[in-house]
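Undergrad: Pasting a predicted model and its sequence here:
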Amino acid sequence: MGRFDKHRAERAQALKGHTNLVKSIAILRDGEMIVSGSSDNTVRVWDASTGAELNVLRGHTSWVKSVALSRDGMRIVSGSSDNTVRVWDAFTGAELNVLRGHTNPVNSVAISNDGMRIVSGSHDNTVRVWDALTGAELNMLKGHANWVNSVAISRDNMMIVSCSYDKTVRMWDVLIGAELNVFRGHTDWVKSVAISRDGMRIVSGSSDNTVRVWDAFTGAELNVLKGHTDWVLSVAISRDGMRIVSGSDDKTVRVWDVLTGAELNVLMGHTGSINSVASSKDGMLIVSGSDDESVRVWDGAKVHGHADSLRSVVYSRYATEISSSSESIC
């Protein structure tokens, strides 16, 4: 792997069509399509190569705050300030289901690796688990004392990780809903959380301007990554577990070494807060979404390294390229 050239990157293209803040992005299949959710109440599907808008999914009656993709790339899941989680056919754009139960805005959604469970986090302080096929609510996880901002599911489908305005990160058992651990260390709201592919590390981003790395099993804080000058809105871990990508209110995307905590790169170009980012498995593409209403695709070769997602980003197992979106997120 080449050495990162800090502060140096080249923007490949900007995808424009949303008429308000871009809150979240996910990638479909072999990097062919990008999905974004926005404060304009829509979910949009894009051709990653040409930047063409392929579809606009309408149904939410308020901001779309998070989007996620099933592993097979067939379904899109979205969460909204209208208190609902919606499931869509990724190719036809048809609305397949509306999951109702949250009593406040849904800030984050995730779908299990086996496609059987949907997880959502909400302003109502709960994490909810749903049957992805029937839409039935399977469990309600209570423990957070404030809004749940972000949720993630481990690759083995056994653990849920959530974070909250109560300044904590929590781990849960998917099947029984038991709280397994509480991670404390952030001194302000925790805005985003991600879990490594091997399930060994958890990464969180906070309004205390830091990114923190945790041991998923012991709960030990392994590192505190400092560099952002404003709230960290989104975090993600690369597929190989070696890179963290973060997006911030300081309008930068930053790439970090997981083991040493070294800042490897700072990507600049957005004119608004960056809510979500992601990178391809081989690091050739980095994608970010922002309050400036754009999704930007960066040439990873120009930054000599791998990156990951920022706030609300989802990887498809078929993806050879990576995309991200912006929110402010998960």
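TA: Cool, got the structure. These numbers come from a predicted model, not from an experiment. Residues are numbered from 1 along each chain as shown.
Undergrad: and stretch 71-86, which residues are buried?
TA: 71, 73, 75-86 (16 or more other Cβ atoms under 10 Å). Just so you know, the C-beta spots here come from the backbone N, C-alpha and C atoms, and that holds for glycine as well.
Undergrad: Okay, and which of those map to strands?
TA: Using DSSP state E, Arg75, Ile76, Val77, Ser78, Gly79, Ser80, Thr84, Val85, Arg86 are the members of the buried residues of stretch 71-86 that sit in strands.
Undergrad: one step back: could you dump the buried residues of stretch 71-86 to CSV with distance to Gly135 and pLDDT?
TA: Shown next, in CSV, are the buried residues of stretch 71-86 (distance: Cβ to Cβ, whole Å; pLDDT from 0 to 100):
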residue, distance to Gly135, pLDDT
Arg71, 19, 83
Gly73, 20, 83
Arg75, 12, 94
Ile76, 15, 95
Val77, 11, 97
Ser78, 14, 98
Gly79, 14, 98
Ser80, 15, 98
Ser81, 20, 97
Asp82, 16, 98
Asn83, 15, 98
Thr84, 11, 98
Val85, 9, 98
Arg86, 10, 98
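Undergrad: how about the host helix or strand of Asn97 as PDB, C-alpha atoms only?
TA: Using DSSP states H and E, Asn97 maps to strand 95-100. Presented in PDB, the C-alpha positions along strand 95-100 are these (Å, rounded to 0.1, in the frame of the first residue of the first chain):
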ATOM      1  CA  GLU A  95     -42.300   0.200  -1.500                       C
ATOM      2  CA  LEU A  96     -42.400  -3.300   0.000                       C
ATOM      3  CA  ASN A  97     -43.200  -2.500   3.600                       C
ATOM      4  CA  VAL A  98     -43.600   0.200   6.200                       C
ATOM      5  CA  LEU A  99     -42.400  -0.600   9.700                       C
ATOM      6  CA  ARG A 100     -44.300   1.300  12.400                       C
END
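Undergrad: Specify the angle between it and strand 75-80 in degrees.
TA: 40 degrees (axes from the mean of the first three to the mean of the last three Cα atoms, to 10 degrees).
Undergrad: Quick check: buried residues in strand 95-100?
TA: Using 16+ other Cβ under 10 Å as the burial criterion, the residues of strand 95-100 that qualify are Glu95, Leu96, Asn97, Leu99.
Undergrad: Then stretch 290-301?
TA: Neighbour-count burial for stretch 290-301, counted by 16+ other Cβ under 10 Å, picks out Ser290, Asp291, Asp292, Glu293, Ser294, Val295, Arg296, Val297, Trp298, Gly300.
Undergrad: which non-adjacent residue is nearest the second one?
TA: Meaning Asp291. Nearest non-adjacent residue to Asp291, counting by Cβ to Cβ, 6 or more residues apart in numbering: Gly272, 3.3 Å away.
Undergrad: residues contacting the one you found?
TA: Residues counted as contacts of Gly272 (Cβ atoms under 8 Å, 6 or more residues apart in numbering) are Leu21, Lys251, Ser290, Asp291, Asp292, Glu293.
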